[in-house]
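A.B. asks: Test case, fold it:
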Amino acid sequence: MKKYQNLLLLMAVAALVALPLWFVKKPPPGPDGSQAQIFAGSDDKAKDLIGSIAPGYKPWAKPVLEPPSAETGSLLFALQAALGAGFIGYYLGVYRTRARMRRETDKEARC
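C.D. replies: Alright, predicted model coming up:
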């Protein structure tokens, strides 16, 4: 069992990620007949609200990279968050290991 424990845990995590996305149902079209997006974020809602408050508003900046769909934007955001968390975790691990090694070296030097 110990041999396959990591593989089973990895498969369980993959199932927990994939199954909710597989079973999600598409929402019905809105009152104007437009198809509602499943993974629309707060940026899209804010853009729609600004358009209803000030119809003549024109954005003063354009995005450098426009993702082809909302799902791709969500994926890029999640990737950015994962890389940031990985970097912070790595830094904290290195810092803690260096501090422990420094304490051990100081302890050996005293003896």
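A.B. asks: Please enumerate the helices of this protein.
C.D. replies: Assigned by DSSP state H, the helices in the chain fall at 5-23, 42-53, 70-110.
A.B. asks: Output those as JSON lines; include the columns mean pLDDT and distance to residue 64.
C.D. replies: C-betas here are computed from N, CA, C, even on glycine. Converted to JSON lines, the helices of the chain look like this (pLDDT from 0 to 100; distance: least, Cβ to Cβ, whole Å):
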{"stretch": "helix 5-23", "mean pLDDT": "88", "distance to residue 64": "28"}
{"stretch": "helix 42-53", "mean pLDDT": "83", "distance to residue 64": "15"}
{"stretch": "helix 70-110", "mean pLDDT": "90", "distance to residue 64": "12"}
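A.B. asks: Residue 32: which of these is closest?
C.D. replies: Smallest distance to residue 32 across the helices of the chain (Cβ to Cβ): 11.6 Å, for helix 42-53.
A.B. asks: Identify all contacting residues around that closest one.
C.D. replies: 37, 57, 70 (Cβ atoms under 8 Å, 6 or more residues apart in numbering).
A.B. asks: ok, of those, which come out buried?
C.D. replies: Buried by 16 or more other Cβ atoms under 10 Å: nothing, out of the contacts of helix 42-53.
A.B. asks: Please tabulate those residues in JSON lines and include distance to residue 82 as additional columns.
C.D. replies: Conversion of the contacts of helix 42-53 to JSON lines gives the following (distance: Cβ to Cβ, whole Å):
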{"residue": "37", "distance to residue 82": "23"}
{"residue": "57", "distance to residue 82": "34"}
{"residue": "70", "distance to residue 82": "19"}
